[in-house]
Structures are given as structure tokens and as C-alpha cells.
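> here are the coordinates; sequence isn't available:
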């Protein structure tokens, strides 16, 4: 027979509270619950001089190459540039959620796919113009 994985502590009075002012609860092992913390509130007053320094606040934020990915969408290599745009948006979302390594990885992939799309698109456009000038392709 297996024993129960939960425990219970009796709470007859307020004197038997833990050191943090929280009553003991009946919970399962591995699922201890803490009181929800209130989010810090921003001051509505003026910013301090340290907050307005010349250092960039987003110094460690990885690039998502969204502008490059949007520019690559004008090239005639649509499957590649659409995927680059998706990777760029995923990189931006990862960065906003705090996953900096994932944002860097997705940003590098978006940059690579955007560059490939621009290079292939330029080659396709140049070939199309060269062949149409020679008369081999008709409009």
C-alpha cells in the first residue's frame, strides 16, 4: 500500500503561524504554495537622475531584425521571407518575455533568412530584367 503524499498541520490559534504571517495549509508534497506577491508599482513622480542617465536601458536586449525581415518581403522569394518575418516576430516576443538566449537565436535566424531572401530576390530580378531585355521573355 502506498501512503499519502500530502500533509496537514493543525491550526487551532493564530499563535501557531509561521514566521511570515501565513497559516499552514494542507498541500501535496512538491506543490507548496506561497502568497502571491503584489507587483511593484511605478512612481508617478519625476524620475531620478540615475534613471535618466545617458546609458541605454535596453543595452542587453538582442536585435530582432524586424525591419530587415519586412524589407525582404518585397523580394520575390516569398516562402523564405515570410519565414524570416515569423522568426523575427518570435525573436521580439522571446525578448519581451525575458528569454534573451532564445531571442538571440531566433534573431540570428531571421537575419540569415532575410539576407538569403534579399540575395536570391536580387538575383531573380536581375535575371528577369536581363532576359527580358534580350527578348527571350515577353510580357
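Okay, I see it. This structure is a prediction, so every number in the text was calculated from the model and none was measured.
> low pLDDT regions in the protein?
Flagging of the chain using pLDDT under 70 yields the residue ranges 1-59, 136-139.
> For the helix ranked longest in it, buried residues please.
Secondary structure assigned by DSSP state H gives helix 100-134 as the longest helix of the chain. Neighbour counts over helix 100-134 (16 or more other CB atoms under 10 Å) mark 102-107, 109-111, 113-114, 116-118, 120-121 as buried. Any C-beta I mention is one placed from the backbone N, CA and C, and that applies to glycine too.
> What of stretch 78-92?
Of all the residues in stretch 78-92, those buried under the rule 16+ other CB under 10 Å are 80-81, 83-85, 87-88, 90-92.
> I figured residue 66 hits residue 95, correct?
No - applying CB atoms under 8 Å, one finds residue 66 not in contact with residue 95, separated by 10.9 Å.
> Which one's more surrounded, these two?
Neighbours were tallied for residue 66 and for residue 95 using other CB atoms under 10 Å; the higher tally belongs to residue 95 (21 against 17).
> does that one really touch residue 62, like I thought?
Yes - using CB under 8 Å, residue 95 makes contact with residue 62 at a distance of 5.8 Å.
> what do these two both touch?
Common neighbours of residue 95 and residue 62, counting by CB atoms under 8 Å, 6 or more residues apart in numbering, are residue 103.
> any chance of the buried residues of stretch 78-92 in CSV, with distance to residue 128 and secondary structure too?
Output for the buried residues of stretch 78-92, formatted as CSV (distance: CB to CB, whole Å; DSSP: H, G, I helix; E, B strand; the rest coil):
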residue, distance to residue 128, secondary structure
80, 17, helix
81, 17, helix
83, 23, helix
84, 22, helix
85, 23, helix
87, 27, helix
88, 27, helix
90, 32, helix
91, 32, helix
92, 33, helix
